[in-house]
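Engineer: Here is the input, now give the coordinates:
(one chain, ligands or ions: 3)
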Amino acid sequence: MTTTRARVARSETVEELGARRRARDAVTASLAEVAAAVRDDHDRWMSHIAGAAGCSHPIRLVGNVTHVEASTWRITRDVHTTEMPDGVLYTPCGNRRASVCAGCAETYRADTYQLVAAGLVGGKGVPASVSEHPCVFLTVTAPSFGPVHAHRTDRAGRTIACRPRRHLEHCPHGAPLACFDRHDDDAPELGRPLCLDCYDHPTQAVWNLHAGELWRRTMIAARRGITALEKRHHIKLRLSYTKVAEFQARGAVHLHALVRLDGRDPTDPDAVLVPDARVGAHHLATVLRRAVEETRFVTAPHPARELGWPIVWGEQVDPRPVRLSRLDLDDSGEITTGAVAGYLAKYATKATELAGHASTRLRPDTVRDYARLDTHPGRQIDACWHLGTRPETVDAEEWAAGWGRLRRWAHMLGFGGHFSTRSRRYSTTLAALRQARRDWRREHAPHPDEDDELADEDTTEVIVNSLAFAGIGWHTSADALLANTSAANARARRRAAKEETTTPA
Ligand SMILES: [Zn+2]
Ligand SMILES: [Zn+2]
Ligand SMILES: [Zn+2]
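Structural biologist: Ligands and ions are numbered 1, 2, ... in the order given. Modelled structure (predicted):
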C-alpha cells in the first residue's frame, strides 16, 4: 500500500496539468493545420474516419454496408466502400494496452475511469446515493517467491537500502543474500531476484494462473461475512466491486479492488439502495480482511507436483476506507474517490509491460526468443511453457482446460484472467459507454454525411456489413498525423469536461 500512496501523491497539480494541456494543444493544432493541407478531401475524410481517428493502426475493411428496413427486409441503401474516402472503412484496433495503441488504450482508460467513478459517485444510470455507501479500496498481492530488489523508503519518504544485513550470507548458488543499494522507484533492477536460481518461478506461474480463482473464492468468503452482518442487524446487504489486475515488477499479479456495500431489496434484485446506517466502512474492511486471510486452496495435481500447489494471498492486506473528496489525497491516509478512479483506470491499460515483458501469444517457434534462462522475465515464461506442456499420457482436451492454460497464457506470465472486471450492479458497462460514444459522435459530427440522415430510423433499421479485412494502418504518415492529432485534441477536451463533472464537489 505504501507504493500506492506514493504514486497517487505524485500526481500533477491542477496548474501543471493545465500548462501541459495548453502546450500540447498549441503544438497539435499547428501540426493538424499542416496535415490538413495535404488532403483536399479533408472535411469529408475527417468525418469518415472519426470513429478510428485516435487509433495508431486502425483496421481497414472493404466491402458492402447494407441498410435494411427491419419490418419489411427492404434494402434502403447499399454502399460499397469504393464510394468512400480511401475506398475503405476504418475501425479502431481496440487494443487496451498502451504499449500497443496509445489512442485505443486512452479510450479504454477514460471508459474505465467513467465506470469506476460512476460506481463511486453515481451517474451513467447509477443513483447518486451510492456516494453515501461504505466503500473500501482493497489491494491483494501474491506471497513471496524469493527475495527481490526493492525500492524502500523510511517514514519520511527517503530512499533506504534495499536489503541490508549485518551478517552477509550467500545462497547455495553463491549469490549474496543482501543488497545495500538504494534503488530509485523506477530502477530497472526492481523486482529482479537476488538469485535467479533460488527464485521459485514455477510457483509464481502457478499462482498467477490461479489468482482469478483465489479472488472468486475470496469474494464468496466475503459474502458469507456480509450475510453474518445481515443476520446480526436484521438488514439486507450486498457486495459490489470493480477490480483491476496489475503486474508487479517481479511478475506476480496484484489485484486492486473497490468494494462497495449496498443495501438490497429482496423483491427487486436490480435496486441499489443505501445500506442501513449501522454498518460502515470499518465493518466492510473487517469482513474483507478476514476473507483475504482465510481464503486458500490447493490446485489440481500436476505431473511435476502430485499434491498440487497451495494458493494463498500475500501477507500485506490493508483495506482502506474511501472518502468522497475533490482533493486527491488527504493526510488521514484515506484514499479519495478521484484518486482511486484514476489509479484503477491507469492500471487497466497496462499489463506485463510493468514486469519487463511485452509480446503477443507465444507459439512453439517464437517461445525460444522469450524463454531465456538468463533473465527473470525469461525464466517466468520458461516456467509457464514447461508446466503447461502436455505429457503424452494426458488427454489433449482435458489438458487444454487445465494446466495447458499456462502455455496459452505464457505471454501473460500465466495470468489468464480479465484485467478489469466488476460485479453486475457495481456500475454501468463498457458496452453502454461505447454505444453512448457512438451516439454522441453521430449527433456532433461536424460534417454529417448521408448516413446520418437515416439516424432517426435507427430503431427500425438493421445495418448489415459484409466487410473483409483489407489491411492495418493509415495509408500515409500524414493521414496518421491528421487523424491522431484531431483525436488527441477532441479527447483532451472531452476528458477535461467529463472528469470535471464526475469529480465530486
Ligand atoms: Zn488502436
Ligand atoms: Zn537491491
Ligand atoms: Zn541461489
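
Engineer: Show me which residues of this protein sit near ligand 3.
Structural biologist: For the chain, the residues in contact with ligand 3 (Cβ under 5 Å from the ion) are 171, 173, 195, 197-198. Every C-beta, even on glycine, is put in place using the N, C-alpha and C of the backbone.

Engineer: And the furthest pair within the residues you listed?
Structural biologist: 171 and 197 (7.7 Å; Cβ to Cβ).

Engineer: I'd say residue 129 and residue 121 touch.
Structural biologist: No. Applying Cβ atoms under 8 Å, one finds residue 129 not in contact with residue 121, separated by 10.0 Å.

Engineer: For those two, indicate the residue with more neighbours.
Structural biologist: Counted by other Cβ atoms under 10 Å, residue 129 and residue 121 do not tie: residue 121 has more neighbours, with 20 against 14.

Engineer: tell me which residues of the strand or helix carrying residue 292 are tucked away?
Structural biologist: Element membership for residue 292, per DSSP states H and E: helix 281-294. For helix 281-294, the neighbour count (16 or more other Cβ atoms under 10 Å) marks 281, 283-285, 287-289, 291-292 as buried.

Engineer: Now the element after it, going C-ward?
Structural biologist: Following helix 281-294 toward the C-terminus (DSSP H and E): strand 297-298.

Engineer: So which residues make contact with the first helix or strand past that next one going along the chain?
Structural biologist: Sequence order places strand 310-311 as the next helix or strand after strand 297-298, per DSSP H and E. Residues from elsewhere that reach strand 310-311, judged by Cβ atoms under 8 Å, 6 or more residues apart in numbering: 206-207, 210, 213-214, 296-299.

Engineer: could these go into JSON lines alongside distance to residue 426 and pLDDT?
Structural biologist: Shown next, in JSON lines, are these (distance: Cβ to Cβ, whole Å; pLDDT from 0 to 100):
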{"residue": "206", "distance to residue 426": "29", "pLDDT": "97"}
{"residue": "207", "distance to residue 426": "26", "pLDDT": "97"}
{"residue": "210", "distance to residue 426": "23", "pLDDT": "96"}
{"residue": "213", "distance to residue 426": "20", "pLDDT": "95"}
{"residue": "214", "distance to residue 426": "20", "pLDDT": "96"}
{"residue": "296", "distance to residue 426": "26", "pLDDT": "97"}
{"residue": "297", "distance to residue 426": "25", "pLDDT": "97"}
{"residue": "298", "distance to residue 426": "30", "pLDDT": "98"}
{"residue": "299", "distance to residue 426": "29", "pLDDT": "97"}
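
Engineer: All the helices of the chain, residue numbers only.
Structural biologist: Using DSSP state H, the helices of the chain run over 2-9, 14-38, 42-49, 102-121, 201-233, 281-294, 337-347, 367-370, 376-387, 396-401, 405-408, 430-444, 477-502.

Engineer: Arrange the ones you listed in a markdown table, one row each, with distance to residue 137 as further columns.
Structural biologist: Converted to a markdown table, the helices of the chain look like this (distance: least, Cβ to Cβ, whole Å):
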| stretch | distance to residue 137 |
| --- | --- |
| helix 2-9 | 8 |
| helix 14-38 | 23 |
| helix 42-49 | 39 |
| helix 102-121 | 10 |
| helix 201-233 | 14 |
| helix 281-294 | 10 |
| helix 337-347 | 5 |
| helix 367-370 | 34 |
| helix 376-387 | 28 |
| helix 396-401 | 34 |
| helix 405-408 | 30 |
| helix 430-444 | 21 |
| helix 477-502 | 17 |
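
Engineer: Compare these and say which comes out lowest on pLDDT.
Structural biologist: The weakest mean pLDDT among the helices of the chain belongs to helix 2-9, with a mean of 39.

Engineer: how about stretch 109-125: buried residues?
Structural biologist: 109-124.

Engineer: got it, and stretch 63-83?
Structural biologist: So for stretch 63-83, counting by 16+ other Cβ under 10 Å, buried means 63, 65-68, 81.

Engineer: Out of those, which sit inside strands?
Structural biologist: Judged by DSSP state E, the buried residues of stretch 63-83 include 63, 65-68 as members of strands.

Engineer: biggest separation within the contacts of strand 310-311, which pair?
Structural biologist: Longest span within the contacts of strand 310-311, Cβ to Cβ: 206 and 296, 13.8 Å.

Engineer: still on that earlier bit, farthest pair in the buried residues of stretch 109-125?
Structural biologist: Every pair of those checked by Cβ to Cβ; the farthest is 109 and 122, at 20.7 Å.

Engineer: show me the residues around the nearest residue to residue 173 once chain neighbours are set aside that make contact.
Structural biologist: Leaving aside its sequence neighbours, residue 173 sits nearest to residue 197 (Cβ to Cβ, 6 or more residues apart in numbering; 4.6 Å). Going by Cβ under 8 Å, 6+ apart, residue 197 touches 171, 173, 175.
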